[in-house]
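[1] Structure of the sequence below:
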Amino acid sequence: RQWQDPIAWISLAIGVVALIAFPILMATRPNPLVPLGLFKRRRFATINLSTLLIYGALYTIFAFQGLFLQNTVGYSATAAGVIGLPTGIMLTVLSPRVGSVAGRIGARPFLVIGPVLMALGLLWLARVPADTDPWPLALADPTSWLPPPGVLIDILPSILLFGIGISLVVAPLTTTLMGSVPVSNAGLASAINNAISRIGQPLLSAVIFVVVSGAFYATLTAAVPGYDASDPASRALVQPLNPAAAGAPSELVEAARIASVDALHLAAAVCAALLAGGAVANWIGLRPAKGEKDDAAETRGDLQAEAAAGGVG
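    Purely as a prediction, here's the structure:
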């Protein structure tokens, strides 16, 4: 609504006040919900920062990709779901093995390489052409089961790279998180990390969508003579990553489709940058200091010390 909605401004103001008040309250309460002292632990702070970046990018691109494939390219809802199956399969098959290896050699290599592969997958998505083939998959129609070439060339490589990357991240991230705090704080640490992973998606997706919307309407204004993006009625005809309204001129519909492709490219590039930021955070923050044990050895030592003290059954 072009920043004209008072409810949105009130919500933003409440959010800013809460953001400022929260750490102050946590620092002054005798029994804080989130003990800020946990963030003095370098590995704990690092993992939570990378969680914010990685999971924020993950959930954001999942939402945008589903809209893009169905509303812009022309995939059926079934096809848009089926194309994501490799990611779930790889997570199921690879995560236990990755977790086992990370426990022996340390999680840091996985938490650097994984986000990099995810970022490469999104950069592949950022090159999807505007004329990529739709996949009208319908389970009741066997003739639609075979994916067209565009699926195999433009979309599937991105899905596979992303799936391998996230499979390298999930188990080592959890292991490192649990090993970064005393066992007595494990439940609290997990709750904080889960909250951060869920907070990242609405925050980052909202910011990215503001950028995407701006780019979308700027592209339309330049491509369609006479189109006024400041007019609410004109904006209602076409919206980023959504089908055009009934009755929209064909020239505007085609320009909006191309602008949505460009918007998806921008969103994928931004999310790839967030993933790269997560990889850099893990590379720096999980690096053992001089004379310090690596994360796998340190985690084993912490757990052994807790067990010796009676903290682990």
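
[2] Now do the buried residues in stretch 263-280.
    263-268, 270-272, 274-279 (16 or more other CB atoms under 10 Å). Heads up, the C-betas are built off the backbone N, CA and C, glycines and all.

[3] Then stretch 198-210?
    So for stretch 198-210, counting by 16+ other CB under 10 Å, buried means 200-201, 204-205, 208-209.

[4] Adding distance to residue 53, write these out as JSON lines.
    JSON lines is the format used below for these (distance: CB to CB, whole Å):
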{"residue": "200", "distance to residue 53": "7"}
{"residue": "201", "distance to residue 53": "11"}
{"residue": "204", "distance to residue 53": "8"}
{"residue": "205", "distance to residue 53": "13"}
{"residue": "208", "distance to residue 53": "13"}
{"residue": "209", "distance to residue 53": "17"}
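
[5] what's around residue 162, how many residues?
    A count of nearby residues for residue 162, using other CB atoms under 10 Å, gives 27.

[6] how much space between it and residue 172?
    17 Å (CB to CB, to the nearest Å).

[7] can you check residue 154 too?
    30 Å.

[8] Which one of those two is surrounded by more residues?
    More crowded of residue 154 and residue 172, by other CB under 10 Å: residue 172, with 27 against 19.

[9] could you say what helices and strands the helix or strand harbouring that one packs with?
    Using DSSP states H and E, residue 172 sits in helix 156-179. Contacts defined by 3 or more CB pairs under 8 Å, 6 or more residues apart in numbering; DSSP states H and E place helix 156-179 against helix 42-67, helix 85-105, helix 108-125, helix 186-223, helix 295-308.

[10] Out of those helices, which gets nearest to residue 243?
    helix 42-67 (10.0 Å; CB to CB).

[11] Tell me which other helices or strands that closest one touches.
    On a contact count with 3+ CB pairs under 8 Å, 6+ apart, helix 42-67 meets helix 108-125, helix 156-179, helix 186-223, helix 250-285.

[12] Between helix 186-223 and that helix, find me the angle.
    Interaxial angle, helix 42-67 versus helix 186-223 (axes from the mean of the first three to the mean of the last three CA atoms, to 10 degrees): 40 degrees.

[13] got the buried residues for helix 42-67?
    43-44, 46-67.

[14] what's the spacing between the residue nearest to residue 120 when sequence neighbours are not counted and residue 13?
    Among residues not flanking residue 120 along the chain, residue 161 sits closest, at 5.3 Å (CB to CB, 6 or more residues apart in numbering). Distance, residue 161 to residue 13, using CB to CB: 41 Å.

[15] who has more neighbours, these two?
    For residue 161 versus residue 13, neighbours defined as other CB under 10 Å are more numerous around residue 161 (20 against 10).

[16] Please tell me how far the more buried one sits from residue 47.
    In terms of CB to CB, residue 161 sits 23 Å off from residue 47.

[17] how about the residue nearest to residue 276 when sequence neighbours are not counted, what does it touch?
    Of all residues beyond its chain neighbours, the one nearest residue 276 is residue 119 (5.0 Å), with distances taken as CB to CB, 6+ apart. Counting by CB atoms under 8 Å, 6 or more residues apart in numbering, residue 119 touches 165, 272-273, 275-276, 279.

[18] Same question for residue 58.
    118, 166, 201, 271.

[19] Looking at these, which has the smallest pLDDT value?
    When those are compared by pLDDT, residue 201 scores lowest at 82.

[20] Surely it and residue 61 touch.
    No. Using CB atoms under 8 Å, residue 201 is not in contact with residue 61; the gap is 10.1 Å.

[21] which ones are touching the spatially closest residue to residue 65 that is not a sequence neighbour?
    Using CB to CB, 6+ apart and skipping residues adjacent in sequence, the residue nearest residue 65 is residue 125, 7.2 Å away. By CB under 8 Å, 6+ apart, residue 125 lies in contact with 61, 65, 155, 158, 264, 268.

[22] Next, give me the two most distant ones among these.
    Across those (CB to CB), the longest gap, 12.5 Å, separates 61 and 155.
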